[in-house]
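1. need a 3D model of the sequence below.
(one chain, ligands or ions: 2)
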Amino acid sequence: MALLSVVLPSYNEEGNIENTADVLSGLLKEADINYELVFVDDGSTDNTYPLILKKAEEDPHIKGISFSRNFGKEASIFAGLQAATGDAVVVMDCDLQHPAELLPKMYKLWRDGYEVVEGVKSSRGKEGFFHKICAGVFYKIMSRLIRMDMKATSDYKLLDRKVVNVLLSLPEKNTFFRALSFWVGFKTVKIEYDVQERKYGQTKWSFVSLMRYAINNATSFSTLPLQMVTFMGIVAVLLSIGLGIQTIVKYLLGTAEAGFPTVILLILLVGGFIMISLGIIGHYLARIYEEVKGRPKYIVRTHTENIEGKL
Ligand code: UDP
Ligand code: MG
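-> Ligands and ions are numbered 1, 2, ... in the order given. Model (predicted):
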């Protein structure tokens, strides 16, 4: 019988673990699906891992991995994919904001032959005003850069074993799961859902972490910002040609002035362009540096005994 793995990244989710494990177990048993739950404790500072351990001791369907520190959701997802042994793997948030009721539907679509079942948000659920605006801007920019509509995408997906293996074989360290699963292709179907309210605790995203996430993902998926540097250079050259002609004409007409404002403006403009360009190049350099170092995505501190294979 086919095995479905559910990967659940968890960071300081002590209030959610037990409930989520119970809800998912109940639901999957009822749907008569052979399953395993893989909780990935992303270096939580609360009781998340002890609770996972307790659950795992009670129920062999439950597995757990614990990181040595917080490595971020992407790392948790990939550790979960690595540890999952299922023929299909679902990634979902462990705060149950991704409705669990969808699992049997996703499973069925997979059985029907789809290799990727993408959860698509039909509404974004309750969010702060500021968070909504930031997320909006982020998705706008991302959609442009990656050339696919990111607004409704989420990390809630089911992947066939083939797709999981492809994702695991990618050498890059800085990943963007939700775009990668699109990038690899395969037979995909979308399934809509409403984002639920968080059962316990609060969102882990701050403004700064969202910004960092946005910039890193944008640059890991597109080199357009680098090409923008060239574009800005061209604009600066055109401007200076215009100003140059004006200066020469004025000189020939004998109306040349001291011209300080022009000089100051030019210095500011060109200086600004150069700084921005250097910043962008520097950012990519940093990304290359990170990749070249080849450090692992995450470090496992411990895991439950039922984890097979290498992490
Ligand atoms: N998460 C994680 N590592 C992190 C931050 C978040 O594994 O560094 C997990 C978190 O436990 C949750 C999921 O990622 O299961 C989504 O996080 P959250 O609910 O805070 O984000 P939101 O739903 O507000 O986008
Ligand atoms: Mg959430």
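
2. Tyr200 and Asn16 touch, don't they?
-> Yes: with contact defined as CB atoms under 8 Å, Tyr200 and Asn16 form a contacting pair (5.0 Å). For glycine as for every other residue, the C-beta is placed from the backbone atoms N, C-alpha and C.

3. verify the stated contact: Asp102 with Ile191.
-> Not quite, residue 102 is Leu, not Asp. Yes: contact status for Leu102 versus Ile191: in contact at 6.5 Å, counting by CB under 8 Å.

4. these two - which one has more neighbours?
-> Ranked by neighbour count (other CB atoms under 10 Å), Leu102 and Ile191 place Leu102 first, with 20 against 17.

5. can you show me the helices along the stretch 101-250 of the chain?
-> 103-111, 129-146, 161-169, 177-183, 207-221, 224-253 (DSSP state H, counting those that start in this stretch).

6. export those helices to CSV and append columns for mean neighbour count.
-> Listed next are the helices of the stretch 101-250 of the chain as CSV, based on neighbours: other CB atoms under 10 Å:
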stretch, mean neighbour count
helix 103-111, 18
helix 129-146, 15
helix 161-169, 16
helix 177-183, 19
helix 207-221, 16
helix 224-253, 13
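
7. the ones you listed: which one's closest to Phe39?
-> helix 103-111 (15.8 Å; CB to CB).

8. may I have the closest one as PDB, with CA atoms only?
-> Coordinates of each C-alpha in helix 103-111 appear next as PDB, following Å, rounded to 0.1, in the frame of the first residue of the first chain:
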ATOM      1  CA  LEU A 103      -5.100  15.800   2.400                       C
ATOM      2  CA  PRO A 104      -7.400  13.000   1.200                       C
ATOM      3  CA  LYS A 105      -8.200  15.100  -1.900                       C
ATOM      4  CA  MET A 106      -4.600  15.700  -2.700                       C
ATOM      5  CA  TYR A 107      -3.900  12.000  -2.100                       C
ATOM      6  CA  LYS A 108      -6.700  11.100  -4.600                       C
ATOM      7  CA  LEU A 109      -5.300  13.500  -7.200                       C
ATOM      8  CA  TRP A 110      -1.900  11.900  -6.800                       C
ATOM      9  CA  ARG A 111      -3.400   8.400  -7.200                       C
END
